[in-house]
Every structure is written in C-alpha cells, then in structure tokens.
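1. okay, here's the prediction I keep looking at, along with the sequence it came from:
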Amino acid sequence: MTQLNYPQIIQGGMGIGVSNWKLANAVSSLGQLGVISGTAIDNVIVRRLQLGDIDGAIRRALQNFPLPRIANNIIERYFIPNGKAKDAPFKSPPMFSLNSPEHLIDLAVASSFVETFLAKEGHGNPVGINLLTKVKLPNIPILFGAILAGIDYVLMGAGIPLKIPGVLDDLVHGKETGQEIETTGKQSSWWQGFDPKKYFPTEYPKLNRPQFFPIISSTVLALTFAKKANGKVDGFIIESPTAGGHNAPPRDKRSVTASGEPIYTDRDAPDLEKIKQLNIPFWLAGGFASKENIQKAKSLGAEGVQIGTAFAMCNESGLTQDLKSRIIEKVINGSIKVRTDPRLSPTGFPFKVTQLEGTLADADIREQRIQRCDLGYLREIHVEADDKVTYRCPAEDERGYLRKGGSVEEKTGRQCLCNSLCAAVGLAQTRQGYQEPPLVTAGDSLDEIKTFIGPDRNAYSAADVIHKLLQ
C-alpha cells in the first residue's frame, strides 16, 4: 500500500524540545518528515519567552494565532524583554490537573500552534507532531493547537492511544470530544472533555485531519489498532528496543543483564509479515540510520524508517551545544555508553540514558538533587474514598509520595525526567542557586553518528544526515 509522497525518513519526535521547530523545519524543507515534540510544549514556549525570545520567532507565530486575546495574554504573562536574570527562576504555568484552569488549556493550544507554525514556515511540505500517550492531560488541547496550525501527521507512543483517531476527527469537525483519564483508588477513570467550538462559537474554521501513526512495538498492538481504534489509523511506527527514549518492556521482565538492564529476545520482535497483511503502511525505528538499513527496512515491507538519535545530535536540534559537543567528542574517541535503565522513568517503562558526566546519569548528581515534582507531566491521579483527588509522582520527595499512598518499591530508582529533559535543551529551572541537571537520551546506535561528521569538524547538520542516507 504505497503512496508516492510518503517520506523515506521520519525524524523522531524526541524529548522535551529536542525535536524543536528548527529541526523539524530543516528536515521537512528537504522533503522528509520533520516532527516536533509536543511534550511539555507549554513550559517550553513560556521559558523561551522568559529568555527574551531573542529572534522574535515565538511572538511572530503568536501574531498569527487566530485568537489574539489568548496570544496577548501569554505575552503579557511570560515575555521578558532581553530575558530574565541568569540566576532567576523561570515562572512556570500551573500543573495540569483534572480541573486545569482555562488559561492553562489556552496556553497548551497556543503553544502547539506556535511550534507547528514555525516548523511549517517557509516551505510547503508536511510536518508531524509527537506526543506521549502517558502524558495524557494536556494532549487534546495540544492536538487542537497543532491542527489549527495545519499539522499533517500525529505520532503517539508510550501507551496505547486507541481513541485518538476519533479525537482528531472530532477536533477537525468542531465536535465536543474528550478522553478517559486513568485514575487509581476509588475510581478507575475520569472523563476529560474538550469543546473546540468554545474557541470559535460563530464560525468554525475549515481544518484538515492529520494522519495518525501510533508508535508500536508488537504484532498484537498492530492488530489491536487495526480492529479497535475508533477512527482511521494511517500508518505505524514500529520501534525496536534499540531506540532512544522510552522502550516497551520485554515480555520476560525477570530476565536482566548483570548490570540490571532488561534483556530482549526474538520473542519481543514483531511479526512484520502479519503486520503487512493489515495493508497499513509502516516505518521501522531503532538503529536504522544508514543507507543499507533503510534498504533493509524497505525489503521487509516498510515505507522507510524513523531516525531519532542522528538528528538529536545535529546542529538544529534543541539539545544545548555543550551537550552535543561533549557527546560527539566521546563518540569520536569511542568512550560513549548508553544504558537501558529499567527504573529511572516514573512511567515504569525502560528508558535509555546516555552516560555523560555532570548529568542525571551520574550517581553523585542524583544524590545531590532534592527530589521534587513541580512540572507534573507524569503524575498519577489517585481518588480517595472521600472523593478527594491527589496527584503523586514516584520522582517527588519520598515523604510526600508515601503520604499519598505510594509505595517504597515503586519509588526506588525513579528520577525526574520533566526537569532534567528541560535542562538538556537550555531551559533548566534554577532555585536558590541550584540549577536542575540535564539528562540525555539516545539510541543504542549512538556511536554511529560519527558517519555524519566530516573529517575536519566536530558537528553536522540535519541536511548532512539526509544527504548521507539518501545520496
């Protein structure tokens, strides 16, 4: 089921702000699919504004947002001309909850509009957005904002987003929509509604429905989406456990290496022949950043590949230049290591961690950090017997987590991804002289990025990656 304009390369939607608009714009301008990260996009946008929005890009995009009142309110709340003082903390919006304030929902809508608008600016090629199913509360407003800006593809992993195809249909047609939010305790779920017509009560704009690509790791999930999704599934990203970020847990969770990393076997590999029978196009992800591997993927029936790590270390990505330079140097001298940590992420999914000094990968850095949860994207919602709603995260301080009914077993080893991933893109929170440490995730094939680096330099561009792979 081949469509001529399908991209051979889909750039991965990585981290918080790693797959920023600059990277997505560069990749899409070259005819492949650039993808922005929608995770924590509200905090990303307001922190960029507080750094002074030096190139004026965010304010330019907000000027094109179809609801000027909301755009002006965001600028008034968060923009700091010339940027905040270096040691001053960022002003953060409220954390999302079951009853998020209206201005927070508006901010989510506007923020994803801004990132999408900038990623699409200056060319006519498609752009995608990546969201984590696990970060559920902000996702529908973020999708709406991206659709308002003309997003072409929606990619979602870290969970099973069976109901998102129907949500996309509703948003495009101005229908009230929503999603079930899983809770623990007295209730098992909570309905979160969203009415897009609230924003356009008199005349609803004509919107295009983006294609929906769930990110999966198994044949069972492919069959489940094909049979049970409440709308059209347009393609699959089939991700292997060698990919960066969150990985699906192996079938045998008891089998680990001597260093505690999960062991994946052939039982964890999807049956591509069965998936091909669904007549839904798919792309393979995880260690495919070479010309030979792209051809291999196509020989297996894929339309192409998704590539993350190679783009994460290129000039246009949101990672700080210091982190990129240090990683590239270690790749060149062969001293880099990526660990699949089964405990670090509050989600419970294994998470790839690049072993780099001065980051949260260091045991000493983890010991020094005061545990707290003040961004809250990965919080669990718990409903008490008296209907009181509490929010808890295994990465918060132990006393608070246990008081809310969490267990020591669940908390052990967990770290704050929200703050550390923000720090990795130059948006580290500062509190009383302490700055949050960064964390870098990458795929197992990180050392292969040296193929994109020329002999006389220690950096490379998104164009270098694409030209090398497709020459």
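-> Here it is on my side, so go on. Numbering: from 1, shown residues only.
2. contacting residues for Cys373?
-> The neighbourhood of Cys373, defined by Cβ atoms under 8 Å, 6 or more residues apart in numbering, consists of 379, 393, 395-396, 416, 418. For glycine as for every other residue, the C-beta is placed from the backbone atoms N, C-alpha and C.
3. which one of the residues you listed is nearest Gln211?
-> Proximity of these to Gln211, judged by Cβ to Cβ, is greatest for Cys418, which lies at 28.6 Å.
4. any chance you could map the strands in the stretch 101-250 of the chain?
-> Chain-ordered strands for the stretch 101-250 of the chain, with DSSP state E, counting those that start in this stretch as the definition, fall at 127-132, 153-157, 177-182, 184-185, 189-194, 211-216, 236-239.
5. quick one on the thing from earlier: which of the contacts of Cys373 sits closest to Ser19?
-> Once Cβ to Cβ is applied, the member of these that ends up nearest Ser19 is Cys418, at 16.4 Å.
6. can you pull the pLDDT of that closest one?
-> Note for Cys418: predicted pLDDT of 93.
7. which of the three states applies to Leu284?
-> When the structure is split into helix, strand and coil by DSSP: H, G, I helix; E, B strand; the rest coil, Leu284 lands in strand.
8. quick one on the thing from earlier: in TSV: the strands of the stretch 101-250 of the chain, plus distance to Ser92 and mean neighbour count.
-> Rendered in TSV, the data for the strands of the stretch 101-250 of the chain read as follows (distance: least, Cβ to Cβ, whole Å; neighbours: other Cβ atoms under 10 Å):
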stretch	distance to Ser92	mean neighbour count
strand 127-132	19	28
strand 153-157	25	25
strand 177-182	22	16
strand 184-185	26	15
strand 189-194	21	14
strand 211-216	28	25
strand 236-239	31	26
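9. least reliable of these going by mean pLDDT?
-> strand 184-185 (a mean of 80).
10. from the contact counts, what lies against it?
-> Contact here means 3 or more Cβ pairs under 8 Å, 6 or more residues apart in numbering; DSSP states H and E; on that basis strand 184-185 packs against strand 380-383.
11. in its sheet, what does the strand it packs on sit against?
-> According to DSSP bridges, strand 380-383 has the following sheet partners: strand 184-185 (parallel), strand 389-392 (antiparallel).
12. how far does the shortest one sit from its chain's centre?
-> From the chain centre to the centre of strand 184-185 is a distance of 26 Å (Cα atoms, centre = their mean, to the nearest Å).
13. same check, this time on stretch 410-429
-> Taking Cα atoms, centre = their mean, the mean C-alpha location of stretch 410-429 is offset from the chain mean by 14 Å.
14. picking that back up, who wins for proximity to Thr347 among the strands paired with strand 380-383?
-> Checked against Cβ to Cβ, the stretch from the strands paired with strand 380-383 lying closest is strand 389-392, at 13.5 Å.
15. tell me which helix or strand comes right after that closest one.
-> For strand 389-392, the succeeding helix or strand toward the C-terminus, using DSSP states H and E, is helix 398-403.
16. list the helices and strands that next one packs on?
-> Packing contacts for helix 398-403, counted by 3+ Cβ pairs under 8 Å, 6+ apart, involve helix 408-411.
17. pull out the buried residues from the helix it packs on.
-> Using 16 or more other Cβ atoms under 10 Å as the burial criterion, the residues of helix 408-411 that qualify are 410-411.
18. repeat for stretch 242-255
-> Going through stretch 242-255 with 16+ other Cβ under 10 Å, the ones that come out buried are 242-250.
19. how many other residues sit next to Ser335?
-> Counted with other Cβ atoms under 10 Å, the burial measure for Ser335 works out to 10 neighbours.
20. again with the one 4 residues further on
-> As a burial measure, the neighbour count of Arg339 was computed by other Cβ under 10 Å and equals 18.
21. list the contacts of it.
-> 259, 261, 352-353, 355, 361.
22. hmm, back to that, of the strands paired with strand 380-383, which is nearest Asn99?
-> With respect to Asn99, and counting by Cβ to Cβ, the nearest of the strands paired with strand 380-383 is strand 389-392 at 8.6 Å.
23. what separates that closest one from the chain centre, distance-wise?
-> The chain centroid and the centroid of strand 389-392 are separated by 23 Å, computed with Cα atoms, centre = their mean.
24. same question for stretch 187-196.
-> For stretch 187-196, the distance to the chain centre is 22 Å (Cα atoms, centre = their mean).
25. who's in contact with Gly212?
-> Careful, residue 212 is Phe and not Gly. Phe212 sits in contact with 153-154, 156, 164-165, 168, 231-235, where contact means Cβ under 8 Å, 6+ apart.
26. for these, pick the one with the most neighbours.
-> The member of the contacts of Phe212 surrounded by the most neighbours (other Cβ under 10 Å) is Val154, with 29 neighbours in all.
27. show me the beta-bridge partners of it.
-> Residues found in beta-bridge contact with Val154 (criterion: DSSP bridges) are Ile129, Phe212.
28. what bridges to the residue lying closest to Ile140 once chain neighbours are set aside?
-> For Ile140, ignoring the flanking residues on the chain, the nearest one in space by Cβ to Cβ, 6 or more residues apart in numbering is Phe194 at 4.6 Å. Phe194 forms beta bridges with Thr177, as assigned by DSSP bridges.
29. also Asp341?
-> With beta bridges defined as DSSP bridges, Asp341 has these partners: Phe351.
30. ok, now which ones touch it?
-> Here Asp341 is in contact with 261, 350-353, 413 (criterion: Cβ under 8 Å, 6+ apart).
31. just put the strands of the stretch 101-250 of the chain in CSV and tack on distance to His103.
-> Written out in CSV, the entries for the strands of the stretch 101-250 of the chain read as follows (distance: least, Cβ to Cβ, whole Å):
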stretch, distance to His103
strand 127-132, 21
strand 153-157, 25
strand 177-182, 20
strand 184-185, 28
strand 189-194, 15
strand 211-216, 29
strand 236-239, 34
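32. now do the contacts for the spatially closest residue to Gly157 that is not a sequence neighbour.
-> On the basis of Cβ to Cβ, 6+ apart, the spatially nearest residue to Gly157 that is not a chain neighbour turns out to be Ile215, at 3.0 Å. When contacts are counted by Cβ under 8 Å, 6+ apart, Ile215 is found next to 155-158, 236-237, 239, 285.
33. how near is Ile215 to Glu329?
-> 31 Å (Cβ to Cβ, to the nearest Å).
34. swap in Phe96?
-> Taking Cβ to Cβ as the measure, Phe96 falls 38 Å from Glu329.
35. quick one: which of those two has more around it?
-> Neighbour totals were compared for Phe96 and Glu329, and Phe96 leads with 24 against 12 (other Cβ under 10 Å).
36. ok, now which ones touch that one?
-> With contact taken as Cβ under 8 Å, 6+ apart, Phe96 is in contact with 104, 137-138, 376-377.
37. please repeat the previous calculation with a cut-off of 7 Å.
-> Neighbour list for Phe96: 104, 137-138, 376 [criterion: Cβ atoms under 7 Å, 6 or more residues apart in numbering].
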